[in-house]
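Trainee: Below is the sequence, then the predicted model.
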Amino acid sequence: MLIIIDKRIPLEAKLKLKTFGELLELETTGITYDAISGHPDIFFCQALDNTLIVASNLPEYYFNALSNNKISFIKGELEVGNKYPSTAHYNIVVTDKYLIHNTKYTDRKILDQNLDKTIINTKQAYTRCNLISLGDNSFITSDDGIYKTLTSLKFNVLNISPLDIELPTFDHGFFGGVCGVYKEKVFINGSLNYHRQGEQIFDFITTLGYSIIELYDGKLYDGGSILFID
């Protein structure tokens with residue numbers, strides 16, 4: 001299994017993730033602003049068949065790494081840029097049934113690859129940063145707008161504060177960027193003990209039948225998601 005991470009996540013997290021698969025550590029320069037320059041969810045959209053739709057201006061090294069690992073991918077049409085919304089073209093949540101994003105900014109190749117999905121439009125284009133799906137009907141978000149949209153559609157949604165989440169150079173990060181979901185496991189960069197709603201998050205996840213793997217004992221760190229690819 002290949003696991004795509006921001007190169008800057010804490011060493012303890014990397015060492016623990018290495019017990020589950022091979023790491024592909026992402027870093028870029030000169031494409032977008034530094035805080036998100038290594039964030040997987042800025043450059044990759046992962047469909048549930050493990051196909052990746054990849055930003056067209058990702059450095060060639062990473063396309064070669066995907067090919068060498070026999071990972072199926074499609075180059076998107078749009079480049080990641082230095083400021084919003086050109087930073088959000090690939091920041092999308094895809095489930096078995098739904099594609100969730102602000103589709104004004106979605107790369108066309110992602111829409112074309114998910115024609116069987118029902119589109120849920122959100123005002124927040126940093127959707128994957130702010131949202132994880134636990135199956136098709138349950139979600140955790142750190143964005144009030146996404147929460148309102150999904151609860152209006154009668155989904156089971158936990159809305160949490162982003163204030164206890166670290167993202168260097170910003171006041172805080174977002175919960176989706178802290179996490180990766182693989183099968184029935186939720187991997188978390190940090191420990192829920194350092195979040196004011198930690199017990200609530202723990203109960204929500206485990207009640208749905210998922211186990212939690214905390215990657216180190218420390219404050220939650222937004223590394224732009226953790227992508228697991230079989």
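Mentor: Cool, got the structure. Numbering: from 1, shown residues only.
Trainee: For the chain, which segments are assigned as helices?
Mentor: Residue ranges of the helices in the chain, as given by DSSP state H, are 11-17, 40-43, 60-68, 108-113, 127-130, 144-152, 175-178, 198-207.
Trainee: Put together JSON lines for these, with mean pLDDT on each row.
Mentor: Listed next are those as JSON lines, based on pLDDT from 0 to 100:
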{"stretch": "helix 11-17", "mean pLDDT": "98"}
{"stretch": "helix 40-43", "mean pLDDT": "98"}
{"stretch": "helix 60-68", "mean pLDDT": "97"}
{"stretch": "helix 108-113", "mean pLDDT": "96"}
{"stretch": "helix 127-130", "mean pLDDT": "98"}
{"stretch": "helix 144-152", "mean pLDDT": "98"}
{"stretch": "helix 175-178", "mean pLDDT": "98"}
{"stretch": "helix 198-207", "mean pLDDT": "98"}
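Trainee: just these: most buried one?
Mentor: Between these, helix 175-178 has the highest mean count of neighbours, a mean of 30, where neighbours are mean count of other CB atoms under 10 Å. Heads up, the C-betas are built off the backbone N, CA and C, glycines and all.
Trainee: quick one: L2 and F20 touch, right?
Mentor: No. The pair L2 and F20 does not pass the contact test of CB atoms under 8 Å, sitting 10.5 Å apart.
Trainee: Just tell me which of the helices of the chain ends up closest to E27.
Mentor: For E27, the closest of the helices of the chain is helix 60-68, at 9.8 Å, according to CB to CB.
Trainee: Can you spell out which helices and strands pack onto the closest one?
Mentor: Using 3 or more CB pairs under 8 Å, 6 or more residues apart in numbering; DSSP states H and E as the contact test, the elements touching helix 60-68 are strand 22-26, strand 52-54, strand 73-75.
Trainee: ok, the second one: who's next to it in the sheet?
Mentor: When pairing is defined by DSSP bridges, strand 52-54 lines up against strand 44-46 (antiparallel), strand 73-75 (parallel).
Trainee: Could you count how many residues lie near H101?
Mentor: Other residues lying near H101 total 29 when counted by other CB atoms under 10 Å.
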